[in-house]
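Colleague: mind looking at a prediction? Sequence and model below.
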Amino acid sequence: MMYYRIDNIGYPGVRQLPGMDLQDAPQERAPFNAPRHAGSQPSPVLVLSARPGHQRADSLERRVAAFLARLASVPYRQKAKASADVPPQPRVNAPQVRRAAPAVSAPVAACEPAGSRRGYIPGLSNKRNGAKPLNIWSGFRQGPGGNCATVATIKAAMHKFGQSPTDIYREVRRLDGGYRVTMRDNYTLTLTDRELAVASRASQFIGADKGMLKDAHFLFAVSAKRAHEENNDSTAGESFEAGVESLNDGEDEEKPGEGFLRLGLSHYMKNVSVRELAEGRLGVSNRGGHSVAVINGHEELWGRPGAAPRRGEAVALKRTPCCQRLATARRQMIGQ
């Protein structure tokens, strides 16, 4: 193979190929200031002798031009191949995390009135809003104790206002270790958890309705606490246990309806004839040393409906409380 020297590339930026001789080709250079046509782009210019018969030079010229063209096309092909191998990745915006708004804590009371919210209160059933017992007769009843007067008034009050103490009393608040009870006659007392447990055991109530038993135990315990504070039977003031005992040894020694008074229902009481109870009025009847609730014209006898009352003293529960002014005037008249 024969090599020819080419040193007549006349465009700046294109290196000359050393060591290549063109046989019989004169060394010619294109001047840098050679005239160019208007609008022409700069390109390398290869100037060779135009003598006829120089076929080898013409062939080499074509080879060099093809070689330079291949060199110029290599980066483009590699770039195109690289671009084709790696597809464009979609632009994914970073997920925006919303910060939660600062929580506004509602004020929490130390103890909440049952009358305002009527929510769950430990020690009581879930009955609320005047819901009556499922079975007023056998849900709970008197046991072997002598607390018939308190049992009769509790049953009548449940049938009148609803099973829950939150409906019978004006307000029941849960405290730390006990309860704060406000009655409908505005009498207020505090009952501890220990006192509730003591009264529940001492009541000896019987019944299959666990929720009704809870409420009956609570009403009995509150009645015992008021009996203790008011020194019922002149002996209950010694202790809470003495107050419980004063309810278990018989009641209504002075007048019927003492159980209603200890439930705070003095403004709802009315002395009536037994006949009115037999005709369907709600109340209690005392006869032969025993007190019974009269509901829908039937006496309650040990968890079962009995016959209509025929004799005894009767106290009915009114639909609405009497006027406070009339009650005060009546107490003043009794005191004179």
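Modeller: Okay, I see it.
Colleague: what residue ranges in the stretch 151-300 of the chain score low on pLDDT?
Modeller: Scanning the stretch 151-300 of the chain for pLDDT under 70 picks out the ranges 252-254.
Colleague: for it, what spans make up the helices?
Modeller: Taking DSSP state H, counting those that start in this stretch to define them, one finds helices in the stretch 151-300 of the chain at 165-168, 193-203, 210-229, 240-248, 258-262, 274-278.
Colleague: can you give me the strands in this structure?
Modeller: Here the chain has its strands, by DSSP state E, at 171-175, 178-182, 188-192, 269-272, 283-287, 290-295, 298-301, 304-305, 313-317.
Colleague: hang on, the earlier thing: just the helices of the stretch 151-300 of the chain: most buried one?
Modeller: helix 165-168 (a mean of 26; mean count of other Cβ atoms under 10 Å). For every residue, glycine as well, the C-beta is placed using N, CA and C.
Colleague: would you turn the helices of the stretch 151-300 of the chain into a markdown table with distance to Gly130?
Modeller: Output for these, formatted as a markdown table (distance: least, Cβ to Cβ, whole Å):
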| stretch | distance to Gly130 |
| --- | --- |
| helix 165-168 | 5 |
| helix 193-203 | 23 |
| helix 210-229 | 13 |
| helix 240-248 | 26 |
| helix 258-262 | 18 |
| helix 274-278 | 22 |
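Colleague: domain map for the chain?
Modeller: Domain segmentation of the chain under automatic domain parsing yields 1-29, 123-335.
Colleague: and those, which is most packed in?
Modeller: Stretch with highest mean neighbour count among the domains of the chain: domain 123-335 (a mean of 19; mean count of other Cβ under 10 Å).
Colleague: any idea how far Glu61 lies from Leu71?
Modeller: Relative to Leu71, Glu61 is positioned 16 Å away (Cβ to Cβ, to the nearest Å).
Colleague: so those two - more neighbours on which side?
Modeller: Counting neighbours by other Cβ atoms under 10 Å for Glu61 and for Leu71 shows that Glu61 has the greater number, 18 against 9.
Colleague: and the gap between the more buried one and Arg70?
Modeller: Per Cβ to Cβ, Glu61 is found 15 Å from Arg70.
Colleague: correct me if wrong: Gly283 contacts Val294.
Modeller: Yes: applying Cβ atoms under 8 Å, one finds Gly283 in contact with Val294, separated by 5.6 Å.
Colleague: overlap in contacts of these two?
Modeller: Residues within reach of Gly283 and of Val294 at once, by Cβ atoms under 8 Å, 6 or more residues apart in numbering, are Ala156, Leu277, Ala314.
Colleague: a markdown table for the residues you listed, including distance to Arg173?
Modeller: A markdown table is the format used below for the shared contacts of Gly283 and Val294 (distance: Cβ to Cβ, whole Å):
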| residue | distance to Arg173 |
| --- | --- |
| Ala156 | 25 |
| Leu277 | 35 |
| Ala314 | 34 |
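Colleague: just the closest of those to Asp185, please.
Modeller: Relative to Asp185, the closest of these is Ala156; by Cβ to Cβ it sits at 16.5 Å.
Colleague: got the contact list for the spatially closest residue to that closest one that is not a sequence neighbour?
Modeller: Excluding the flanking residues, the one nearest Ala156 by Cβ to Cβ, 6 or more residues apart in numbering is Ala293, at 4.8 Å. The contact partners of Ala293, by Cβ under 8 Å, 6+ apart, come to Val151, Ala152, Thr153, Lys155, Ala156, His159, Gly283, Val284, Glu299, Glu300.
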